[in-house]
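Q: Need a 3D model of the sequence below.
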Amino acid sequence: MPQYQTMNINQAVMAAVAVVAACIAAPASATTLSRSVDVAVSPDKVWATVGGFCAIGEWHPAIKSCREDGKSPSTRTLVTKDGATFVELRTGRSARQYAYTFLSSPVPVSHYLSTFRVTGKADGGSTITWSSVYTPDAGKAEAAEAALAGIYESGLAAIKAKLSN
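A: Next up is the predicted model:
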């Protein structure tokens, strides 16, 4: 006869809470997006130019201003040239990369997590990659992808142009 383990009510409640938390933390309809550009500049020089969390205000053509709150982890507030506001929390930082999430954004997504990374290439150049995982709002998958792809592509093109001069 098989043996079964029994749970007391507290163990059963904790197990149910863990299952619910796992379902909430991992959205079923997550989407990924990634764009990259290669430049003939060393990774250290690229990172020195674009790696600061608020450096985006110096290289992204759509950004009018960037302000960091000075806390740890840092939050930046971006205002675009057309008046849209993004509030982003840096969630991680390591050698030549950082990750962030939206606290507020006009892009129709939730559970947004993005990584901005510079990696070296064998020829001494660099690859700059901007990627994300997110859940598009209901009925807004195409609009979300178009908005994010436009942000990434225009930003990476501007970095390439800036580093080519």
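Q: For S114, the count of nearby residues, please.
A: Other residues near S114 come to 21 when the count uses other C-beta atoms under 10 Å. The C-beta positions use only the backbone N, C-alpha and C, and glycine is treated the same way.
Q: And S72, by the same measure?
A: In terms of burial, S72 registers 6 neighbours under the definition other C-beta under 10 Å.
Q: Kindly list the single helix or strand of the chain that scores lowest on mean pLDDT.
A: Across the helices and strands of the chain, mean confidence by mean pLDDT, DSSP states H and E is lowest for helix 9-25: a mean of 38.
Q: so L33 touches S131, yeah?
A: Yes - checked against C-beta atoms under 8 Å, the pair L33 and S131 is within contact range at 6.6 Å.
Q: and T49, helix, strand or coil?
A: Secondary structure, DSSP: H, G, I helix; E, B strand; the rest coil: T49 is helix.
Q: mind checking how far it is from A149?
A: T49 sits at a distance of 23 Å from A149 (criterion: C-beta to C-beta, to the nearest Å).
Q: Looking at those two, which one has more neighbours?
A: Counted by other C-beta under 10 Å, T49 and A149 do not tie: T49 has more neighbours, with 17 against 13.
Q: Spatially nearest residue to the spatially most central residue of the chain (excluding sequence neighbours)?
A: Compute the mean C-alpha point of the chain, and by C-alpha atoms, centre = their mean the closest residue is S114, 1.2 Å away. Computed as C-beta to C-beta, 6 or more residues apart in numbering, the closest residue to S114 that is not its neighbour in sequence is S132, at 4.0 Å.
Q: Show me the beta-bridge partners of that neighbour.
A: Listed by DSSP bridges, the beta-bridge partners for S132 are L33, S114.
Q: Please enumerate the helices of the protein.
A: Chain-ordered helices for the chain, with DSSP state H as the definition, fall at 9-25, 43-50, 56-59, 141-164.
Q: shaky segments in this protein?
A: Where the chain drops to pLDDT under 70, the residues are 1-28.
Q: burial measure for A157, as a count.
A: The tally of other residues near A157 (other C-beta under 10 Å) stands at 13.
Q: Give me the spatial nearest neighbour of it, chain neighbours excluded.
A: Closest residue to A157 apart from its sequence neighbours, by C-beta to C-beta, 6+ apart: V37 at 7.1 Å.
Q: and if you look at P73?
A: Across the structure, with C-beta to C-beta, 6+ apart as the measure, the residue nearest P73 apart from its sequence neighbours is R90 (4.9 Å).
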